[in-house]
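Peer 1: Return atomic coordinates for the entry below.
(2 chains)
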Protein chains: 2
Amino acid sequence: MQKRYGRSGFDVRLPPKAEEITLRPSRVVVPSALQPIVRADHLTRLEHSYGKAWFDACRMFLRTVPNPPDAVAFPDNEQDIVRILAWCDQIGAKAIPYGGGSSVVKGIEPAAEFEKVVTISMRHMDKVLEVDPVSHAARIEGGVYGPHIEDQLRGTPFTMRHYRQAYRRSTLGGWIATRSGGHYATLTTHIDDFVESTRVVTPVGILETRRLPGSGAGPSPDRMFIGSEGILGIITEAWVRLRKKPTFRTATSVRFKNFYSGADAVRGITQAGLYPANCRLLEAREALPDIPWENEEAVLMLTFESADHPLDAWMARALEICRDCGGVPDAAALDDENSHRTGAAGAWRNKFIRAPHYSEHAVARGLLSSTFETSMTWERFPDFHAKIMKITHDTIKKVTGREGTVTCRFTHVYPDGPCLYFTFGGILDKRMMLDQFMEVLTTCTAATVENVGTTTHHHAVGRFMTSSGLNFLPARCGGPSADSIRRG
Amino acid sequence: MQKRYGRSGFDVRLPPKAEEITLRPSRVVVPSALQPIVRADHLTRLEHSYGKAWFDACRMFLRTVPNPPDAVAFPDNEQDIVRILAWCDQIGAKAIPYGGGSSVVKGIEPAAEFEKVVTISMRHMDKVLEVDPVSHAARIEGGVYGPHIEDQLRGTPFTMRHYRQAYRRSTLGGWIATRSGGHYATLTTHIDDFVESTRVVTPVGILETRRLPGSGAGPSPDRMFIGSEGILGIITEAWVRLRKKPTFRTATSVRFKNFYSGADAVRGITQAGLYPANCRLLEAREALPDIPWENEEAVLMLTFESADHPLDAWMARALEICRDCGGVPDAAALDDENSHRTGAAGAWRNKFIRAPHYSEHAVARGLLSSTFETSMTWERFPDFHAKIMKITHDTIKKVTGREGTVTCRFTHVYPDGPCLYFTFGGILDKRMMLDQFMEVLTTCTAATVENVGTTTHHHAVGRFMTSSGLNFLPARCGGPSADSIRRG
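Peer 2: Predicted coordinates for the structure are as follows:
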């Protein structure tokens, strides 16, 4: 960062200690019957006040937590949830379901206008209850963290492999409630495609859907809960699709002249029906060490994997498509079994896994460092990309008075379009860093929606969209989601 | 049929002439402004009274049409639809959207309790409006029949290829409203996967969703309309995903000892991630000519196709899986470019295309001949299959007093389960054929739902489920769809 911005160093603000932050007294009295599973102590309430976005870390550094939950419940089972919801109903408290707390869109944050708030943490409901080795599926409780799913599947031939970036700090129920995207580039990657059935405690009873591989019966009830962001009930269990652990893998990276020629290759690969497990297109300067910031090259991380068959034919054809677009594959990587952990792929992999942990360090140094994501169809991509890159650049400069940086990558790709993931950075004025940050992020998000991308490809909507001045959304987009345009 | 049931022939009832059927007088007066687009003549009303199920043909043969629509509107554009809906609202008439009229579940049939009914036929809104050659998608009006879509795509490299059985007599809007399944065995086959965006005239305005390859924003509005069966509005347009016309194809058939060993192979193929275009498992006696009814063999129709690459590696691995399950591939077919039109595949193909047209001939002869379909996960399949086969057999015998037939096929397959499509037959007593038929079909459908299959995999729900004694559905299954189980 010092090199990128030509600075010799940064002042580092100290992270807060819990006792430095004052919380308003809890506005609820926990009845004795619920005391074993409900806590209202300072640290517990503080921990459940914010998600994990840059603006969350920033507000913690500012020691500003005006709207903590009044209590946090930790149910051990569905019956506990029923009792907690009954209590909330009785005292007129809002109930906020809480998984891993990794939301970056104020998804678990109590709103200022809520009179009483009880957050319901699902972390004790964390079991893989049943594995179906014939249909390749498992029944899993909603409160389990990603790695703990894989731990419990050890000893079976199966894996869920929903390796989203917040994998270690997010839960199955959270993935479903937020329509999470996994790390796969193609096919079964959105949580939508994993869910076979859901079980939900709603305010009017417990609803469980049938385990069905496919159905033509009306709008799917699972699809009401997927993306419901906690407002329809608490997802206590789901049957999810598993796959056998991959035993065949072929991976390499491919260098392209620029992002657009790389995009042409990616489009060709997805439209060819080849379905790589990884097909991430990155700007070389973002992905690789020691690339000068002026370099416009792009690098494609390309992996095929299977538990069933060698993938030479698949990779050979994908590389033909890359070469037709001027791509230069890393031939040595192809022969290296661990190539996804070394070279360009390995460098990017480490960065991907560690990136969420950089946020607090950025905040401590007054560095702008965040992301936003969207998707649109291929034919609009070049124009959209150019526009949003420019708007982001210009906004950072206007708001901070200094040049910033913005890069773009494809995290997921479809035959009809890519998911664009923008990463932006710059140097803020520490005295007004939160305001500056919010102005940059809301301007860029507004531009994304204005240019008819989706509001969010996999970060969810949360309270961010309505709490940060993006009030054009309800006016423009009636109906059940931000992705529609109401006319007439 | 004579051979199957050991009969020397059948009495043939004559099909009705339109003038033999009396309709109750229309209960609406068409205002003069709408007269150019609304018809209330005898033949038009008669034609829009029933769908195309066996029980529809039967009631026509019985000359019984107690609930015709009072008028049929033929809008030329969205503004016409707005005017027609306003008129319906004004006179208190129910509006029934009508595509091709191929429903087999009373999807377009006016209910007896409706006081006034205006059916809205979309057949004049039949254009492919726009083709996006970059993202491989097209904007298409809702009233267009299947073949007419492909006609209009001629001259482009693209095809939609949603070749469901009713392809020639059903429309894009109908496919979306009923969550139609296509002819592909795997991947993009349900209409859900084709739809990029929808445009719908609702009673409160026109809603259009964004064209998005993927989104994480709340429950998808498209998914509210997909499967809505006409109750939320009229689908006037959709952007749908296309693909390039396949130029590589490899196809063969594989014989198995019985249906269960074939099922093992199919499960292996889908779980291996090979994605064949066709992977239909059939009982040999149903699919092939000159097989004795006692023969228990099964035959798998297996096809890979691509517009991009040869498929030898794909087919080779799929055939290995088949051989591991005792399957014997038709080696000659593999070398035959037209093998999907000849041999076992060709014989089945002709039967598949012609089957819907046999229904009227069956009715005329007093033959029971119909189908029902469901899906469930693999681990329940053998037990479910055995149970439903037995129940269907026993029910036909109990109801008709004679031995009937029942066969099963897989029409679509998923990594976690198959779609089972049951075809049943028998000889009815002509004096009470409709009652006998309904008793068989509702008993089998009830058994399917009771054994936790889906109510319907691709035929839709329609009014059939609630009008035929299957009243346990609303009681057992609260919520938005028949696929859920409400508890607590």
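Peer 1: can you pull out the helices in the stretch 351-488 of chain A?
Peer 2: A:381-400, A:433-450, A:464-467, A:472-476 (DSSP state H, counting those that start in this stretch).
Peer 1: Can you lay out these as TSV showing distance to B:Thr44 and mean pLDDT?
Peer 2: Backbone N, C-alpha and C define where each C-beta goes, glycine included. Compiled in TSV, the helices of the stretch 351-488 of chain A are given as follows (distance: least, CB to CB, whole Å; pLDDT from 0 to 100):
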stretch	distance to B:Thr44	mean pLDDT
helix A:381-400	47	97
helix A:433-450	46	93
helix A:464-467	49	72
helix A:472-476	41	33
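Peer 1: Dump those to JSON lines, plus distance to B:Ala446.
Peer 2: Output for the helices of the stretch 351-488 of chain A, formatted as JSON lines (distance: least, CB to CB, whole Å):
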{"stretch": "helix A:381-400", "distance to B:Ala446": "50"}
{"stretch": "helix A:433-450", "distance to B:Ala446": "48"}
{"stretch": "helix A:464-467", "distance to B:Ala446": "46"}
{"stretch": "helix A:472-476", "distance to B:Ala446": "44"}
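Peer 1: Let me see the contact set for the nearest residue to A:Leu434 once chain neighbours are set aside.
Peer 2: Nearest residue to A:Leu434, sequence neighbours excluded (CB to CB, 6 or more residues apart in numbering or on different chains): A:Cys58, at 5.1 Å. By CB atoms under 8 Å, 6 or more residues apart in numbering or on different chains, the contact set of A:Cys58 is A:363, A:433-434, A:437.
Peer 1: Poorly predicted segments of the stretch 251-400 of chain A, please.
Peer 2: Within the stretch 251-400 of chain A, the ranges that satisfy pLDDT under 70 run A:340.
Peer 1: what about the residue nearest to A:Leu434, helix or strand, and which?
Peer 2: Taking DSSP states H and E as the definition, A:Cys58 sits inside helix A:54-61.
Peer 1: And the average pLDDT for that helix is what?
Peer 2: What helix A:54-61 shows for mean pLDDT is 96.
Peer 1: Format the CA atom coordinates belonging to that helix as CSV.
Peer 2: Taking C-alpha atoms only, helix A:54-61 is exported to CSV below (Å, rounded to 0.1, in the frame of the first residue of the first chain):
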residue,chain,number,x,y,z
TRP,A,54,-15.4,-1.9,6.1
PHE,A,55,-18.0,0.5,7.5
ASP,A,56,-18.6,-2.0,10.4
ALA,A,57,-14.9,-2.1,11.3
CYS,A,58,-14.7,1.6,10.9
ARG,A,59,-17.6,2.3,13.3
MET,A,60,-16.0,-0.1,15.8
PHE,A,61,-12.7,1.9,15.5
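Peer 1: Show me what counts as buried in that helix.
Peer 2: Under the neighbour-count criterion of 16 or more other CB atoms under 10 Å in any protein chain shown, helix A:54-61 has A:54-61 buried.
Peer 1: Going by distance to B:Gly346, which of those wins?
Peer 2: Comparing the buried residues of helix A:54-61 against B:Gly346 with CB to CB picks out A:Trp54 as the nearest, at 62.0 Å.
Peer 1: Tell me if I'm right that the closest one and A:Phe437 touch.
Peer 2: Yes: judged on CB atoms under 8 Å, A:Trp54 makes contact with A:Phe437 at a distance of 6.3 Å.
Peer 1: which residues do these two both contact?
Peer 2: Residues touching both A:Trp54 and A:Phe437 (CB under 8 Å, 6+ apart): A:368, A:370.
Peer 1: residue boundaries of the strands in the stretch 201-350 of chain A?
Peer 2: Counting by DSSP state E, counting those that start in this stretch, the stretch 201-350 of chain A has strands at residues A:205-209, A:234-241, A:243-244, A:248-256, A:278-283, A:298-306, A:328-329.
Peer 1: what would these look like in TSV with distance to B:Glu294 and mean neighbour count?
Peer 2: Below are those laid out as TSV (distance: least, CB to CB, whole Å; neighbours: other CB atoms under 10 Å in any protein chain shown):
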stretch	distance to B:Glu294	mean neighbour count
strand A:205-209	40	21
strand A:234-241	38	26
strand A:243-244	38	18
strand A:248-256	43	23
strand A:278-283	51	24
strand A:298-306	40	26
strand A:328-329	57	16
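Peer 1: what's the closest of those to A:Asp429?
Peer 2: strand A:278-283 (27.2 Å).
Peer 1: and the closest one with strand A:248-256, angle?
Peer 2: 20 degrees (axes from the mean of the first three to the mean of the last three CA atoms, to 10 degrees).
Peer 1: In the stretch 51-200 of chain A, where is pLDDT below threshold?
Peer 2: For the stretch 51-200 of chain A, not a single residue meets the criterion pLDDT under 70.
Peer 1: same thing but at 90, please
Peer 2: The stretch 51-200 of chain A contains residues with pLDDT under 90 at A:163-166, A:182-189.
Peer 1: Residues of it that sit close to chain B?
Peer 2: Proximity of the stretch 51-200 of chain A to chain B (CB under 8 Å from any CB of the partner chain) is limited to residues A:82, A:132, A:134-137, A:178-181, A:190, A:196.
Peer 1: Flag every buried residue along stretch A:265-278.
Peer 2: For stretch A:265-278, by 16+ other CB under 10 Å, it's A:265-278.
Peer 1: ok, and of those, which contact chain B?
Peer 2: Checking the buried residues of stretch A:265-278 against chain B by CB under 8 Å from any CB, the ones in range are A:267, A:271-275.
Peer 1: Let me know the closest of those residues to chain B.
Peer 2: Lowest distance from chain B to these (CB to the nearest CB) belongs to A:Ala272, with 3.8 Å.
Peer 1: So for that closest one, what's the nearest residue that isn't a sequence neighbour?
Peer 2: Looking at A:Ala272 with CB to CB, 6+ apart, the closest residue is B:Asp308, at 3.8 Å.
Peer 1: who's in contact with the one you found?
Peer 2: Going by CB under 8 Å, 6+ apart, B:Asp308 touches A:271-274, A:317, B:244, B:248.
Peer 1: Let me know the closest of those to A:Met389.
Peer 2: Using CB to CB, A:Gln271 comes nearest to A:Met389 of those, at 24.4 Å.
Peer 1: Leaving out chain neighbours, which residue sits closest to that closest one?
Peer 2: Sequence neighbours aside, A:Pro415 is the residue nearest to A:Gln271 in space, at 4.9 Å (criterion: CB to CB, 6+ apart).
Peer 1: I'd guessed the one you found sits against A:Thr270; true?
Peer 2: Yes: between A:Pro415 and A:Thr270 there is a contact under CB under 8 Å: 4.9 Å.
Peer 1: Please report how far A:Gly182 lies from A:Thr171.
Peer 2: 14 Å (CB to CB, to the nearest Å).
Peer 1: Which one's more surrounded, the two?
Peer 2: A:Thr171 (30 against 23; other CB atoms under 10 Å in any protein chain shown).
Peer 1: ok, which residues in the stretch 301-450 of chain A are in contact with chain B?
Peer 2: Within the stretch 301-450 of chain A, the positions near chain B by CB under 8 Å from any CB are A:306-309, A:312-314, A:317, A:375-379, A:412, A:414-419.
Peer 1: List buried residues within those residues.
Peer 2: Of those, these count as buried by 16+ other CB under 10 Å: A:306-309, A:313-314, A:317, A:375-379, A:412, A:414-419.
Peer 1: So what's the residue count around A:Val38?
Peer 2: Residues near A:Val38, counting by other CB under 10 Å: 24.
Peer 1: tell me the contacts of it?
Peer 2: By CB under 8 Å, 6+ apart, the contact list for A:Val38 reads A:30, A:71-74, A:84, A:118.
Peer 1: what's the spacing between it and A:Val65?
Peer 2: From A:Val38 across to A:Val65, the span is 20 Å (CB to CB).
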